[in-house]
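# predicted model and sequence follow; I will ask about them next.
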Amino acid sequence: MMRRRPVVAILAAAGLATFTASCASDKPATSASGSPAAASTAASEAPAAGTGEQSKFFVQADYEAQLAMRSQTPDGPADKPWEQAIAPQMTSTAEYKKDGPYEICFSNAAVNNPWRQVGWKTMQAEAAMHKEISKLTALDAEGKDDKQISDIAELQAKGCDALIISPNTTATLTPAVKGACAKVPVIVFDRGVETDCPVTFIKPIGGYAFGADAAEFLIEKVPAGGKILALRILPGVDVLETRWSAAKVAFDKSQVKVVGVEFTDGDAAKTKSIVSDYIQRYGKIDGVWMDAGATAVAAIEAFEDAGLPVPPINGEDQQDFLQKWKDGDLTAVAPTYPTYQWRTPIIAALKVLKGEEVPKLWNLPQPKITSETLSTYLQPNMPPLHYALCGCENMPGFPENWGGKKG
Amino acid sequence: MRRTLPIFGVLAVLLVAIAVVNPFFLEPAGFLGFVKRAAPLVILAAGQYFVIVSGEFDLSVGSLVTVEVVVAARLIDGDESLTWPVLGLLLVLGLLVGLVNGAVTTLLRVPSFITTLGMMLILSGAVFLWTGGAPRGALSQGFRAFGRGSLGPIPWSVLILLAVGVAAVLLMRADFGRTLVATGDNERAAALSGVRVDRARILAFVLSGLAAAVAGILLGGFAGVSAQVGQGLEFQAITAVVLGGVVLGGGRGSVVAAMAGALTLEALFTLLNLYGISGALEFTVQGVIIIAAVAAGALRLPFRLRAST
Amino acid sequence: MSESEQIGAVPARTPPFWRTRGSSPAGVVFLALAGVILIGWVLVAARGGQFLSLENLVGVQQRSAALGIVAIGQTLAILAGSLDLSVAYLISLSSLVAAETMAGRDGNIVIAVAAVAGISAAVGLVNGLVITKLRVHPFIATFGVALIIKGVLDHLYDGPAGKVPESFQHLGYDRLGPLPVSAILWAAVAVAAWFLLRRTTLGHRIYAVGGDQEVARLSGVRTDRVLIVTHVLCSLCAGIAGLLLASRLGAGAPTVGTDGGYDLESIAAVVLGGTALAGGRGGVGGTVGGVLLLATLDSVFNQMEVNSFFKDVVRGVVIVTAVAIYARRKHGRRA
């Protein structure tokens, strides 16, 4: 271990140099650092049978706010939900007002799944619709926190007029976002950050509403004592934890019995295997709750292959699920996390640069698809993994740019 | 053959343990369901075996499986009449990828770890470049039947697995098998005794590519189109082969044991699930078992650390 | 291939190390790097941008520092004829241990660094012991250890945790002129590794063990000990990278290592730098070039806004082509 000495020496020298030399820092200068972690107010109720302990991501106040928002009427044009906002608290943007044309930059967490693909195409189409946007510069962080931090730094240097950020991780991107706020108006959407320095944070109502919509539907359709299987993608992702924690609250209060909570990794084959195992073990499963719809069809097929009727189930607004729902006349519901939220940041950026007021917290409506509205969202010409709530039907280049077929 | 026996013992113990918790496992339908689920991994393991026994690695099979499924969905696009032509095309695609892997590894002398790592990047990038980021199109019912349907009580995938297994055993008993093992055992000696080592290795990669194509057809059939169907399968296949007592670096082990290794791995997953050691610690258990299995096998053999890559 | 290399390297005695030094193709990778910079400069200038701006230069260094440090460790392991697939999970673990130990307090930095060093050294020790004493192939040994760490991570953490104090974040964000502290740290690790390999007995033994383990053993090298120490050093490098990432992120994150793909990418960087995967030939200089090449490519892609799928294709082609060129040169000389 003597061989490490040079390293230590050089490290020490480098360290000393850093602190003594007058050094530049690209680190955001922040005052009172840190902000309360989302987990601090986790409810500590007794774990109910089957659903396990409540997630440490659960925040009672946020939960109640989201559930209340579901029944509020949003402001804005009803035929353009991506421009609507629920109970907005407007904030002035006069300080950012400037003349066009504008160059807008976008630091994207990733485009590594169909949801983000649909969203990203929709955002590009939105930007193309505005002549006053001369350029949309986007960097893809490929799901890497460290790359996104560098990307945000790089974009600041490009002299963009506004910076849109879709953070890869809430906690770890916060310092980088704070740094950017000091130099350029920042718009955050999808996942949030632990700072209120962005001009606006855009999101649909949120995960609690999603989880509760699905759970309430199952509780209504599944008879008392019925067995529910809950399928989750993976633990530890805030936007998914909230979905499950809201469902847990609903299930704990109900007469249905959650016989299992399993993680599928979002893998169709694994989902199908898990559901088959539960059918084998319990003979009958009376309802399936899912925190995301990507593998809903695989879950349905497990029942079909076992020769059983498909019980009440929830999916999401992906075409393959909607098609299956219609073909099998299923008892189903599809809460959504709409991809039309990718339109809003561009609209918000233009408002900010024109000095118009925007909501500080921009809550978009988050509709759910029911059997009554199914036919309006089912678009057989679109690819199976396309998300129906893209709000992109009337945009130039639809449907080809989204992988669909004309007519 | 001495080295192949332990894996069958482990497999038997695991199967009994599953049956104790889940009696349905002893019924034909339950057991066949298990084999059906394991079939893609077992076939991949057979393909990977040929490559490993010849002294190489194939890290590209996972992304090749994804490519097969995504390509099939886009080309078939729900049209039943295209099922068979596309099936043929998929096999050719697997064969071509294997051929390139083999040619680059042998003729350009790039270590197979790097060749197939590069191929993994190229395949997963290229297929989504082609489809615009997410899968599009749909598989036909005829295509799905191979992974989903059954002939009477026996799933098609089990029959396909049996066919692949028999073919693999016959191949290893033929001249090709001896050539391959000799190549992996001592390339120079094999070359001096007239074995065309490059050709043997290229063929091994082609077989691995074909196996990935078949596994892709079964997986796409079983669960439908997905962008991540092949994720991590390359490491699972290598693990399975190694569990079967096949030595990384080549020259030792049987194909039947490699396939039994895959069944063992699948049985292990099932068992961990049944006993509720799901999620987190499952990986820790898996890691310990892999190391323990290989260590138990290796301690009785002369040390061959660096014959690989 | 590996076998032919082995055969070439089996003269009755250990090949003298200056010969292996002479055959290091580090020059090629720096030539390629210059080419990529030139192409990038032309492409970006054609779009009206400036490739060699200060932000870009800093960006390239920031992007490469963490991978660079891991790759230095990986170089040692590969030179010794081994490899390490556990680095990605170890990086995540280190970042969490660091951030949780620091818990936002300056006073805890020293303890946190010591804790990370202790844990990563322990992981390296396990890797080395499993490979040498249990005689498990390094691929399986380090893959198994990776799974074990993954299980522990999944069990203990379900998201970012801990907090890094402001003072420690200087490591990730400050710079001296155009040189980020992270890049200086990387350079320091690289220089230390270079010194180790070129000027110390252990370094010579690493080459000897990687060149031919049997020959090294017969000539009196305690090969097991060399391999174990090499793996400890490799893991320590991963631990340093974990510290650096914790300082960048302000917290520890259970997926930061795997998201970054540091396991396979570090191996790719090492071979891109001309180090033979079979061991015994190559060096740190090439690896630095390999990492810079990957980072510069990334930067060009970023400037051109190339989509990530196309990037993967190019990366794959570059890696395979580079290694094919090295193989050809080596083969040509031998023939």
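Perfect, I can see it now. Residues are numbered from 1 along each chain as shown, chains lettered A, B, ... in the order given.

# from now on I want contacts and neighbour counts done on CA atoms only, so please keep to that.
Noted.

# quick one: the strands in the stretch 151-300 of chain B, in order.
Along the stretch 151-300 of chain B, the segments classed as strands by DSSP state E, counting those that start in this stretch run B:154-155.

# cool, and the stretch 201-350 of chain A?
Using DSSP E, counting those that start in this stretch, strands in the stretch 201-350 of chain A cover A:227-232, A:257-263, A:287-290, A:313-314, A:332-335.

# just for the stretch 1-150 of chain A, where's the confidence low?
The stretch 1-150 of chain A contains residues with pLDDT under 70 at A:1-49.

# swap in chain C?
Ranges of chain C meeting pLDDT under 70: C:1-25, C:331-335.

# can you give me the strands in it?
With DSSP state E as the criterion, chain C has strands at C:174-176, C:179-180.

# burial check on the residue nearest to residue C:134 when sequence neighbours are not counted, number of neighbours?
Spatial nearest neighbour of residue C:134, excluding adjacent residues (Cα to Cα, 6 or more residues apart in numbering or on different chains): residue B:295 at 5.2 Å. By other Cα atoms under 10 Å in any protein chain shown, 20 other residues sit near residue B:295.

# with residue A:283 instead?
For residue A:283, using other Cα under 10 Å, the count is 10.

# separation between it and residue B:24?
From residue A:283 across to residue B:24, the span is 11 Å (Cα to Cα, to the nearest Å).

# chain B contacts on the stretch 151-300 of chain C?
C:151, C:152, C:153, C:154, C:155, C:213, C:268, C:277, C:278 (Cα under 8 Å from any Cα of the partner chain).

# ok, residue B:7 touching residue B:243?
Yes - between residue B:7 and residue B:243 there is a contact under Cα atoms under 8 Å: 7.2 Å.

# contacts only, for residue A:223.
A:255, A:256 (Cα atoms under 8 Å, 6 or more residues apart in numbering or on different chains).

# could I get the phi/psi values of it?
The phi/psi pair for residue A:223 (degrees, to the nearest 10) reads phi -60, psi 160.

# please apply the same query to the one 10 residues further on.
Torsion angles at residue A:233 (phi, psi; degrees, to the nearest 10) stand at phi -70, psi -60.

# what about whatever residue of the stretch 201-335 of chain C ends up closest to chain A, distance to chain B?
At 4.7 Å from chain A, residue C:249 is the closest residue in the stretch 201-335 of chain C, using Cα to the nearest Cα. Note on residue C:249: its distance to chain B, by Cα to the nearest Cα, to the nearest Å, is 24 Å.

# and for that residue, nearest residue in space, chain neighbours not counted?
residue A:172 (4.7 Å).

# ok, then the element right after the host helix or strand of the one you found?
Taking DSSP states H and E as the criterion, residue A:172 maps to helix A:170-181. Using DSSP H and E, the next helix or strand after helix A:170-181 towards the C-terminus is strand A:186-189.

# can you give me the helices in the stretch 101-250 of chain A?
Ranges of helices in the stretch 101-250 of chain A, per DSSP state H, counting those that start in this stretch, are A:114-128, A:145-156, A:170-181, A:207-221, A:238-253.

# repeat for the stretch 201-309 of chain B
Going by DSSP H, counting those that start in this stretch, the stretch 201-309 of chain B shows helices at B:233-243, B:255-274, B:280-298.

# so who does residue C:167 touch?
So residue C:167 contacts residue C:106 (Cα under 8 Å, 6+ apart).

# can you list the strands of chain C in CSV and add mean neighbour count?
Listed next are these as CSV, based on neighbours: other Cα atoms under 10 Å in any protein chain shown:
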stretch, mean neighbour count
strand C:174-176, 19
strand C:179-180, 22
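
# which residue packs closest to residue 309, ignoring adjacent ones?
No chain in the question, so chain A it is. Counting by Cα to Cα, 6+ apart, the residue nearest residue A:309 is residue A:303, at 6.5 Å.

# you looked at the wrong chain, it should be chain C
residue B:125 (4.0 Å).

# show me the contacts for residue B:237.
Residue B:237 sits in contact with B:41, B:42, B:44, B:45, B:48, B:262, where contact means Cα under 8 Å, 6+ apart.

# sorry, back to before: which stretch among the strands of the stretch 201-350 of chain A comes nearest chain C?
When the strands of the stretch 201-350 of chain A are compared (using Cα to the nearest Cα), the closest one is strand A:257-263, at 12.2 Å.

# now the angle between helix A:207-221 and that closest one, please.
If you take axes from the mean of the first three to the mean of the last three Cα atoms, to 10 degrees, strand A:257-263 sits at 140 degrees to helix A:207-221.

# what strands line up against strand A:257-263, and which way round?
strand A:227-232 (parallel) (DSSP bridges).

# pull the distance from stretch B:272-292 to the chain's centre.
21 Å (Cα atoms, centre = their mean, to the nearest Å).

# contact partners of that stretch?
A:263, B:18, B:21, B:239, B:243, B:269, C:130, C:136, C:140-141, C:143-155.

# quick one: mean pLDDT for it?
For stretch B:272-292, the mean per-residue pLDDT is 78.

# out of the contacts of stretch B:272-292, which end up buried?
A:263, B:18, B:239, B:243, B:269, C:130, C:136, C:140-141, C:143-154 (16 or more other Cα atoms under 10 Å in any protein chain shown).

# can you count the residues close to residue A:397?
For residue A:397, using other Cα under 10 Å, the count is 11.

# ok, now which ones touch the residue nearest to it when sequence neighbours are not counted?
In this structure, residue A:397 finds its nearest non-sequential neighbour in residue A:125, 7.9 Å apart by Cα to Cα, 6+ apart. By Cα under 8 Å, 6+ apart, the contact list for residue A:125 reads A:395, A:396, A:397.

# follow-up on the earlier one: nearest to residue C:78, of the helices of the stretch 101-250 of chain A?
helix A:145-156 (25.7 Å; Cα to Cα).

# number of nearby residues for residue C:198?
18.

# what do you get for residue B:27?
Neighbours of residue B:27 (other Cα under 10 Å): 11.

# and what of residue C:108?
Quick note: residue C:108 (other Cα under 10 Å) scores 18 neighbours.

# now residue B:159
16.

# pull the contacting residues for it.
Counted by Cα under 8 Å, 6+ apart, residue B:159 has zero contacts.

# and the contacts of residue B:237 near chain C, which?
Counting by Cα under 8 Å from any Cα, no member of these reaches chain C.

# highest neighbour count among these?
residue B:45 (36 neighbours).

# wait, that residue sits on residue B:238?
Yes - at 6.9 Å, residue B:45 and residue B:238 qualify as touching, with contact defined as Cα under 8 Å.

# re the thing from before, report pLDDT for the residue nearest to residue C:134.
84.

# what does residue A:195 give?
Reading off the model, residue A:195 has pLDDT 90.

# what's the spacing between it and residue A:177?
According to Cα to Cα, residue A:195 and residue A:177 sit 8 Å apart.

# check residue A:88 too.
For residue A:88 relative to residue A:177 (Cα to Cα), the value is 23 Å.
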